[in-house]
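Peer 1: sequence and predicted structure, then a few things I'm wondering about:
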Amino acid sequence: FQALISRHAALRTRFISLEQAYVEETSPLDLRFATLEPALMDDLPQLYETLQQYTNETFDLSRASLLRVHVLRVSSQLQVILWVMHHIVSDGKSLDILIRDWVHIYQALKHQGFYLGYKPELEYHDYVYWQREKMQTETHQRKVAYWVEALTGAQGLDFPTDFPRQNRVPQFKVIEFALSAERITSLEKLAKRHQTTLNLILLASYALTLYRYTQQTDFVIGVPMLGREDERLAEVVGFFIDTLPFRVFFKPEDTVPEVLERMHRHFSEILLYQDIPLAEIVPKLNLPRDLTREPLFQVGYVYQSYIEQLTAVTEDFSGTRLWSFPGGGQLDFSLIIYPQAGNFKIVLHYNGHLCQESTLRQFLRSWEEVLAFITLSEPASISHFSLLDGASYQKIVYDWNRTEALDSNVAYPKDQTIHGLFEAQVRKTPDQ
């Protein structure tokens with residue numbers, strides 16, 4: 001880890017103020033040891049909550065390094081190495097870079113006793129300098145104007161939560177499941193027919209599910225982008241990622257092909273303007289101030305393509321698993337897609353102070369119904385499909401209407417309506 005810190009300047013950077021940062025020549029590693037209960041390894045949500053006690057500890061930005069490592073002993077044969085990094089010096093792609101470098105450094109030290117690694121041609125502070133220069137250009141200002149026009153009038157998403165919104169620290173939780181290889185294959189065929197990407201198909205289905213849940217025809221989804229347009233930044237560790245505000249529109253009469261074509265065209269357009277920081281756009285929109293939610297969008301979507309498992313990376317790390325636990329932020333929830341061979345791992349990262357797990361598991365089942373609908377019923381209107389799976393439909397439409405099963409002594413008339421019976425009871429006992 002010490003060699004890793006020496007290799008990447010971002011890990012040796014400390015921030016003296018908002019305007020001043022300093023890169024140390026050397027920086028000590030904050031390495032800590034603890035133990036974990038073995039049973040946690042089979043319960044990802046509980047493991048996540050347990051690890052939060054380590055990740056919630058704050059960093060002192062004026063002191064480097066902004067990387068903290070916990071070695072958590074599970075048994076004599078199993079240990080968890082927890083990397084905790086401040087987002088100001090890293091992003092998802094940086095994690096990919098750091099893990100690969102760490103594996104190479106470990107191998108070199110184990111087998112050769114020394115490591116002669118090169119340092120990247122550029123460092124993160126070079127990128128920061130370029131960004132400051134670009135902000136003074138006419139092109140930059142024209143792109144800012146595009147975003148202001150594109151997002152003016154955007155409304156917040158009012159997803160039906162179980163608990164009222166409050167100005168409090170979010171309680172982050174996760175739900176995990178997988179999309180089958182068969183489902184992925186059918187979605188890939190759909191993407192090919194419409195000359196778009198699987199990523200956009202999944203994003204469109206997510207947006208469709210949100211539309212049906214809220215009946216809002218205009219809202220924004222936060223979509224993180226790598227922010228590494230210059231290929232020389234491909235191996236640089238730092239915070240390059242920014243969130244692209246993807247505004248979606250629906251009409252009840254829309255068909256799936258119309259939705260996909262419109263989203264594909266809009267997404268291709270906004271990619272041309274992705275280098276404008278979200279923090280520069282939001283203040284210019286004059287959005288209502290609300291301390292209980294993010295101002296522009298409340299839900300996120302992430303297509304996470306960096307490595308998820310360190311299997312077959314080297315002989316020394318065969319069978320090693322890698323988990324990524326997102327942290328921070330104020331979003332209601334984010335759908336995170338991890339492409340893998342055979343199936344796609346899906347993680348819903350949500351705020352437990354707003355929604356119960358059962359509510360969001362039902363949302364995910366509804367999303368799966370949307371995925372089935374768009375692959376089987378393309379010409380149909382997006383308002384004409386059910387969000388319920390077969391079991392839920394049977395329960396709500398049939399089982400809950402079997403009143404004779406609840407009370408065999410009550411015979412409900414089959415030729416009258418509920419409101420008709422209510423009116424008759426009012427006439428019968430008007431004062432009760």
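Peer 2: Structure's in. What do you need?
Peer 1: which residues of the stretch 201-350 of the chain fall in strands?
Peer 2: Here the stretch 201-350 of the chain has its strands, by DSSP state E, counting those that start in this stretch, at 218-225, 242-249, 299-303, 333-339, 344-351.
Peer 1: report how many residues lie close to V220.
Peer 2: Residues near V220, counting by other Cβ atoms under 10 Å, number 20. (Each C-beta comes from the backbone N, C-alpha and C, glycine too.)
Peer 1: just put the strands of the stretch 201-350 of the chain in JSON lines and tack on distance to T197 and mean pLDDT.
Peer 2: Shown next, in JSON lines, are those (distance: least, Cβ to Cβ, whole Å; pLDDT from 0 to 100):
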{"stretch": "strand 218-225", "distance to T197": "13", "mean pLDDT": "93"}
{"stretch": "strand 242-249", "distance to T197": "14", "mean pLDDT": "93"}
{"stretch": "strand 299-303", "distance to T197": "9", "mean pLDDT": "93"}
{"stretch": "strand 333-339", "distance to T197": "12", "mean pLDDT": "90"}
{"stretch": "strand 344-351", "distance to T197": "14", "mean pLDDT": "90"}
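Peer 1: save the ones you listed as TSV, and put in distance to V169 too.
Peer 2: TSV is the format used below for the strands of the stretch 201-350 of the chain (distance: least, Cβ to Cβ, whole Å):
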stretch	distance to V169
strand 218-225	20
strand 242-249	21
strand 299-303	18
strand 333-339	16
strand 344-351	10
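Peer 1: out of those, flag the one nearest K395.
Peer 2: strand 344-351 (22.8 Å; Cβ to Cβ).
Peer 1: name the residues that touch that closest one?
Peer 2: Residues outside strand 344-351 that contact it (Cβ atoms under 8 Å, 6 or more residues apart in numbering) are 170-179, 184, 308, 326, 330-338, 360, 363-364.
Peer 1: generate a ChimeraX selection restricted to the buried subset of those.
Peer 2: In ChimeraX, this line selects whichever of the contacts of strand 344-351 come out buried by 16 or more other Cβ atoms under 10 Å:
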select :170,172,173,174,175,179,184,308,326,331,332,333,334,335,336,337,338,360,363
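Peer 1: related to what we said a few turns ago, among the strands of the stretch 201-350 of the chain, which is nearest A207?
Peer 2: For A207, the closest of the strands of the stretch 201-350 of the chain is strand 242-249, at 4.7 Å, according to Cβ to Cβ.
Peer 1: quick one: secondary structure of R32?
Peer 2: At R32 the chain is in strand, as set by DSSP: H, G, I helix; E, B strand; the rest coil.
Peer 1: show me where the stretch 51-200 of the chain has its strands.
Peer 2: 67-75, 78-85, 172-179.
Peer 1: kindly reformat those as JSON lines containing mean pLDDT and distance to I382.
Peer 2: Output for these, formatted as JSON lines (pLDDT from 0 to 100; distance: least, Cβ to Cβ, whole Å):
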{"stretch": "strand 67-75", "mean pLDDT": "87", "distance to I382": "46"}
{"stretch": "strand 78-85", "mean pLDDT": "85", "distance to I382": "41"}
{"stretch": "strand 172-179", "mean pLDDT": "87", "distance to I382": "21"}
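Peer 1: want to throw those into TSV with distance to E37?
Peer 2: Below are the strands of the stretch 51-200 of the chain laid out as TSV (distance: least, Cβ to Cβ, whole Å):
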stretch	distance to E37
strand 67-75	8
strand 78-85	11
strand 172-179	18
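Peer 1: tell me which of those lies nearest to W102.
Peer 2: Closest approach to W102 among these is made by strand 78-85 (8.9 Å; Cβ to Cβ).
Peer 1: buried residues, the closest one. List them.
Peer 2: Buried residues in strand 78-85, defined by neighbour count with 16+ other Cβ under 10 Å: V80, L82, W83, V84, M85.
Peer 1: any weak-confidence spans in the stretch 1-150 of the chain?
Peer 2: 18-26 (pLDDT under 70).
Peer 1: go again using 80 as the cut-off
Peer 2: Judged against pLDDT under 80, the low-scoring parts of the stretch 1-150 of the chain cover residues 16-29, 41-46, 48-49, 52-53, 56, 63-65, 77, 92, 114-121.
Peer 1: in it, which spans are helices?
Peer 2: Using DSSP state H, counting those that start in this stretch, the helices of the stretch 1-150 of the chain run over 2-7, 44-55, 92-111, 124-134, 138-151.
Peer 1: so how far is the third one off the chain centroid?
Peer 2: Remark: helix 92-111 is offset 25 Å from the chain centroid, using Cα atoms, centre = their mean, to the nearest Å.
Peer 1: how big is the angle separating it from helix 124-134?
Peer 2: Angle, helix 92-111 to helix 124-134, by axes from the mean of the first three to the mean of the last three Cα atoms, to 10 degrees: 160 degrees.
Peer 1: the helices in the stretch 151-300 of the chain, which residues?
Peer 2: Shown for the stretch 151-300 of the chain, the helices assigned by DSSP H, counting those that start in this stretch span residues 181-193, 198-214, 256-270, 278-281.
Peer 1: so what's the residue most central in space within the chain closest to, chain neighbours aside?
Peer 2: Centroid-nearest residue in the chain, with Cα atoms, centre = their mean: S334, separated by 3.6 Å. Among residues not flanking S334 along the chain, G300 sits closest, at 3.5 Å (Cβ to Cβ, 6 or more residues apart in numbering).
Peer 1: doesn't P245 make contact with F297?
Peer 2: Yes: using Cβ atoms under 8 Å, F297 is in contact with P245, at 6.1 Å.
Peer 1: more crowded one of those two?
Peer 2: Per other Cβ under 10 Å, whichever of F297 and P245 has more neighbours is F297, with 24 against 19.
Peer 1: look up how far T255 lies from the more buried one.
Peer 2: F297 is 26 Å from T255, where distance means Cβ to Cβ, to the nearest Å.
Peer 1: got it, and F219?
Peer 2: 20 Å.
Peer 1: and A154, its phi and psi?
Peer 2: Per-residue torsions, A154: phi -60, psi 140 (degrees, to the nearest 10).
Peer 1: what residues are up against it?
Peer 2: Per Cβ under 8 Å, 6+ apart, neighbours of A154: D218, F219, V220, P245, R247, L285, L296.
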